[in-house]
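> Here you go, sequence then predicted model.
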Amino acid sequence: MAEAQFKVFRGEGAKGELFEFPVEVTEGMVVLDAVQQIQSRHANDLAVRWNCRAGKCGSCSAEVNGKPRLMCMTRMDELSLDVPVLIEPMRGFPHMKDLVTDVSRNYEINKKIRPLTPKPRETDGTYRMQQEDIERIQEFHKCIECFLCQNVCHVIRDHSVKEFAGPRFLIRIASLAMHPLDTLNRLKELKDVFGLGYCNITKCCTEVCPENIKITDNGIIPLKERVAGAFYDPLAWLWKNLTSNSKKIPEKNK
Amino acid sequence: MQRNISIQHPNRSFLETTRIDNWWVGPLLTSIGLLAFIFYSTWAAFQNEHYQWGPYLSPFYAPLLEFEWWPLSPAFLILWAPAGFRFTCYYYRKAYYRSFFLTPSACAVGARPQKYRGERFLLVFQNLHRYFLYIALIFCVILSYDAIVSFSFENGLGVGVGSIIMTLNAVFLTAFTLGCNSLRHLVGGNVDCYSCASFGHQRYQAWKFVSLFNVHHNFWAWISLFWVGFTDLYIRLVSMNIITDYRIL
């Protein structure tokens, strides 16, 4: 049975230390198994969040050898065991204890997003949508809220821009803005409240997404194009002013 | 249990990371590739000669705009348009924000410290990408025409190595342009309910078609960048009699 060395960040608040632990590696093992082995054999008070062990609850987000990953979806056989495996908490959020961080800011941002406001039901009391209408937003609904994208985004991680909602919530807004039933125009708040312009599309959010959601290409860039059309396109602005009667403008242009 | 080094958490200093892979290779290669193209294309534009041979015309000089009132190389009359298209392209933005601006150079690597404003204020002009797209679409037609003309030699129709190179150049540039995110938005990405909108089904099909190219936008961006430079180099070398254009047919 192979043995690996793990360096695990331990501490409370903003300060901590790396502790080295031996781990017995077995076939099919993932990093979360190793962390739980450390917890059971060497450090019973090691704080770590986990739940489903199947990459669907988004609880065990951490940084493995410096890369934001879900521990339960990171197989040991994809890591080099020649050097100690480094496990750290997500650096984009305030540290609480050991591998646990305070992600509550995310829930505060979420509260600011206006919920789906559907158009009236059809005469038979139903809503009808075609597959082609909802195909795009189905991808966004795969999000498990692991917040790895929020963690890796340099706007939050390095620059601490409070006005920026972050990739996860831009994807949530995209799923509402592109919804065929939604009636709200969300472009102004995207620009002014959720700070879409802060994103410089360096695509780290897409790189770390465990659900392989094309966050930038399919979510953020289409939103940027919509905002560009509404606020930064001089010809579109001219056309709108020449042709529109503000009283007749619907809340959302279909 | 062994105690080891201490670290502060969080640590956000410039280029700080605990990644153990070669994360710097990507931005380094991107920098080298982009700088090589910028230097070569600028040099080629200043040359103002050896851009034509037989039916071949360098894409740096296409369409050929020669005016008496313009004292500089004709390349400068057109190069601003493709340069603007690439500079404001969403893929290239990622590439140079990472490689040159270092915001960040790689994921989970400390970004360059600055008063970060994103694509607001000075960089708000990036939103004009769609206007460069309109011009780029015209260039696709012009370069395709030049590619067709490249099969027409003095002694009749034929196929030279240069004809194939120019044809591939038009194909690569068109594939790059067809994958443009602004085009994807304009053809159908701005529609929320395809089954309700006018020509909704057609726009959905158009959106899906552009999405096919958009998925590989970075590939088309690099291959078209390399090939446009290579096309100019080939025609330049043939024109300078350093190499001979081989006639296949």
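Here it is on my side, so go on.
> Report the contact partners of A:Ile215.
A:Cys149, A:Pro167, A:Leu170, A:Ile171, A:Lys203, A:Cys205, A:Thr206, A:Cys209 (Cβ atoms under 8 Å, 6 or more residues apart in numbering or on different chains). C-beta: built from backbone N, CA, C; applies to glycine.
> Tell me the secondary structure of the third one, please.
It stands for A:Leu170. Following DSSP: H, G, I helix; E, B strand; the rest coil, the label given to A:Leu170 is helix.
> Starting from chain B, give me the distance back to it.
Distance of A:Leu170 to chain B, computed by Cβ to the nearest Cβ, to the nearest Å: 13 Å.
> these two touch, right, that residue and A:Gly197?
No - between A:Leu170 and A:Gly197 there is no contact under Cβ atoms under 8 Å: 11.4 Å.
> Just want to know which of the two has more residues nearby.
The residue with more neighbours, out of A:Leu170 and A:Gly197, is A:Leu170; 28 against 24, by other Cβ atoms under 10 Å in any protein chain shown.
> tally of neighbours for the closest residue in space to the more buried one that isn't next to it in sequence?
Excluding the flanking residues, the one nearest A:Leu170 by Cβ to Cβ, 6 or more residues apart in numbering or on different chains is A:Ile220, at 5.2 Å. If you count neighbours by other Cβ under 10 Å, A:Ile220 ends up with 24.
> list the contacts for A:Ile220?
With Cβ under 8 Å, 6+ apart, A:Ile220 has these contacts: A:Pro167, A:Leu170, A:Ile171, A:Ala174, A:Leu196, A:Cys199, A:Ile201, A:Cys205.
> how about it, phi and psi?
Phi and psi for A:Ile220, reported as degrees, to the nearest 10, are phi -70, psi -40.
> In JSON lines, list the contacts of A:Ile220 along with distance to B:Met240 and pLDDT.
Converted to JSON lines, the contacts of A:Ile220 look like this (distance: Cβ to Cβ, whole Å; pLDDT from 0 to 100):
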{"residue": "A:Pro167", "distance to B:Met240": "51", "pLDDT": "98"}
{"residue": "A:Leu170", "distance to B:Met240": "52", "pLDDT": "98"}
{"residue": "A:Ile171", "distance to B:Met240": "53", "pLDDT": "98"}
{"residue": "A:Ala174", "distance to B:Met240": "52", "pLDDT": "98"}
{"residue": "A:Leu196", "distance to B:Met240": "50", "pLDDT": "97"}
{"residue": "A:Cys199", "distance to B:Met240": "46", "pLDDT": "97"}
{"residue": "A:Ile201", "distance to B:Met240": "41", "pLDDT": "96"}
{"residue": "A:Cys205", "distance to B:Met240": "48", "pLDDT": "98"}
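> Select from these the one having the most neighbours.
Counting neighbours by other Cβ under 10 Å, the top entry in the contacts of A:Ile220 is A:Pro167, with 30 neighbours.
> quick one: it from B:Thr167, how far?
Remark: distance between A:Pro167 and B:Thr167 (Cβ to Cβ, to the nearest Å) = 40 Å.
> close enough to count as contact, A:Glu211 and A:Ile144?
Yes - using Cβ under 8 Å, A:Glu211 is in contact with A:Ile144, at 6.1 Å.
> Would you mind listing what in the stretch 1-150 of chain A touches chain B?
A:7, A:9, A:11, A:14-21, A:42-43, A:63, A:65-68, A:80, A:83, A:86, A:88-89, A:91-92, A:95, A:129-130, A:132-133 (Cβ under 8 Å from any Cβ of the partner chain).
> May I have the helix or strand harbouring A:Gly11 as PDB, with CA atoms only?
Element membership of A:Gly11, judged by DSSP states H and E, is strand A:2-12. Extracted in PDB, the C-alpha atoms of strand A:2-12 (Å, rounded to 0.1, in the frame of the first residue of the first chain):
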ATOM      1  CA  ALA A   2       1.500   3.400  -1.000                       C
ATOM      2  CA  GLU A   3       1.900   6.200   1.400                       C
ATOM      3  CA  ALA A   4       1.600   9.900   0.600                       C
ATOM      4  CA  GLN A   5       2.400  13.000   2.600                       C
ATOM      5  CA  PHE A   6      -0.200  15.700   3.000                       C
ATOM      6  CA  LYS A   7       0.300  19.200   4.100                       C
ATOM      7  CA  VAL A   8      -2.900  20.600   5.500                       C
ATOM      8  CA  PHE A   9      -3.600  24.200   6.500                       C
ATOM      9  CA  ARG A  10      -4.700  24.500  10.100                       C
ATOM     10  CA  GLY A  11      -5.600  27.600  12.000                       C
ATOM     11  CA  GLU A  12      -8.300  30.000  12.900                       C
END
